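Student: I need the structure of the sequence given here:
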Amino acid sequence: MESPFKPDALKGRVALITGGGSGIGFEISSQFGKHGASIAIMGRRKQVLDAAVSALRSLGIQAIGLEGDVRKHEDARRVVESTFKHFGRIDILVNSAAGNFLAAAEDLSPNGFRTVLDIDAVGTFTMCSEALKYLKKGGPGREDSSSGGSILNISATLHYTASWYQIHVSAAKAAVDATTRNLALEWGTDYEIRVNGIAPGPIEGTPGMSKLGPEEIESKARDYMPLYKLGEKWDIAMAAIYLSCDSGKYVNGSTMVVDSGLWLSKPRHLPKEAVKQLSRVVEKRSRAKPVGLPTSKL
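Tutor: Below you'll find the model as predicted:
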């Protein structure tokens, strides 16, 4: 699909994207590059990184891949510093690395719970912390910038209510959203860094959907969704461009839900026609009742 943004919307900017070698992260990497940004991808699997970088370069995008695990502080520091050394600046940090699997709460070990928290929540904060000096107004590579850079955290809607077999991810994403708001307050005030998030719904063609959304579950989800369709990775990437370029320059501390309204949805207990029939019965009854106060009240 054609982008609604100008091809140079991110021209001259450098984006570091964790988990940028596959799924939503790669689509953001690709679309950022197509809109003028230089791209650094961080990931744990060299083979995936190499394939992603090769694909980006084939599109004429300046891109590098950097191996690292967001759970390891030393990796976060090395990747951030390597990005700065290669490109001379960092303008955008996208925290897209995530861990997920289905598990009933009673069967989930504390280590499994902790692992997802470490990747999603602790990893997000660690990357933000290491990138701070390069993103803030007046920092290295930004001495002449009129404002600070931008941080974008990929979240979810699982914790808005509750989700079956996702207690670990729900807790982690709740922490990510809290981190987004608090950094937006502190770093927006002190360093003119905008910090926002995106909460995707079910997106087709992603590792998450293949692991968490078997076909029968996917079919049921479609019935609950107001727009009755799964999202595309492109949808998330377009939201990411909006929040990262000048069009979103007054947006700070927000997590944009991009899920067709799924988190608002509930199954229908009655078909629409049955509701209409009930409504007609109620209306007839109300018309039959006398209007006015009982005589005893006059």
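Student: got the contact list for residue 143?
Tutor: Not one residue lies near residue 143 by C-beta atoms under 8 Å, 6 or more residues apart in numbering. In this view, the C-beta of every residue, glycine as well, is placed from N, C-alpha and C.
Student: Now the residue positioned nearest the centre of the chain. Nearest residue, chain neighbours left out?
Tutor: Taking C-alpha atoms, centre = their mean, the centroid of the chain lies closest to residue 154, which sits 2.6 Å from it. In space, and not counting its chain neighbours, residue 154 is closest to residue 96: 4.6 Å by C-beta to C-beta, 6 or more residues apart in numbering.
Student: how about the residue nearest to the centre of the chain, what does it touch?
Tutor: Neighbour list for residue 154: 19, 24-25, 94-96, 98, 197-198, 200, 236 [criterion: C-beta under 8 Å, 6+ apart].
Student: And residue 105, by the same measure?
Tutor: Residue 105 makes contacts with 165, 167, as judged by C-beta under 8 Å, 6+ apart.
Student: Look up which helix or strand residue 42 falls in, please.
Tutor: Assigned by DSSP states H and E, residue 42 falls within strand 38-43.
Student: wait, residue 8 sits on residue 35?
Tutor: Yes: counting by C-beta atoms under 8 Å, residue 35 is a contact partner of residue 8 at 7.0 Å.
Student: still on that earlier bit, the residue nearest to residue 154 touches residue 16, doesn't it?
Tutor: No: the criterion here is C-beta under 8 Å, and residue 96 misses it with residue 16 at 10.4 Å.
Student: Now do the same for the nearest residue to residue 172 once chain neighbours are set aside: its pLDDT.
Tutor: Counting by C-beta to C-beta, 6+ apart, residue 172 lies nearest to residue 120, which is 3.7 Å off, once chain neighbours are set aside. Looking at residue 120, its pLDDT is 97.
Student: if we can go back for a sec, between residue 8 and residue 35, point out the one with more neighbours.
Tutor: residue 35 (21 against 11; other C-beta atoms under 10 Å).
Student: Show the contacting residues for that one.
Tutor: 3, 5-11, 241, 245.
Student: Sitting in helices, which of these do you find?
Tutor: Counted as lying in helices by DSSP state H, out of those, are residue 241.
Student: coming back round to it: can you tell me which of the contacts of residue 154 are buried?
Tutor: 19, 24-25, 94-96, 98, 197-198, 200, 236 (16 or more other C-beta atoms under 10 Å).
Student: Just the ones of those in strands?
Tutor: 94-95, 197-198, 200 (DSSP state E).
Student: Compile those into TSV and extend it with columns for distance to residue 276 and pLDDT.
Tutor: Shown next, in TSV, are these (distance: C-beta to C-beta, whole Å; pLDDT from 0 to 100):
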residue	distance to residue 276	pLDDT
94	47	98
95	47	98
197	40	98
198	38	98
200	35	95
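Student: so residue 65 sits in a strand?
Tutor: Yes: Residue 65 forms part of a strand when assessed by DSSP: H, G, I helix; E, B strand; the rest coil.
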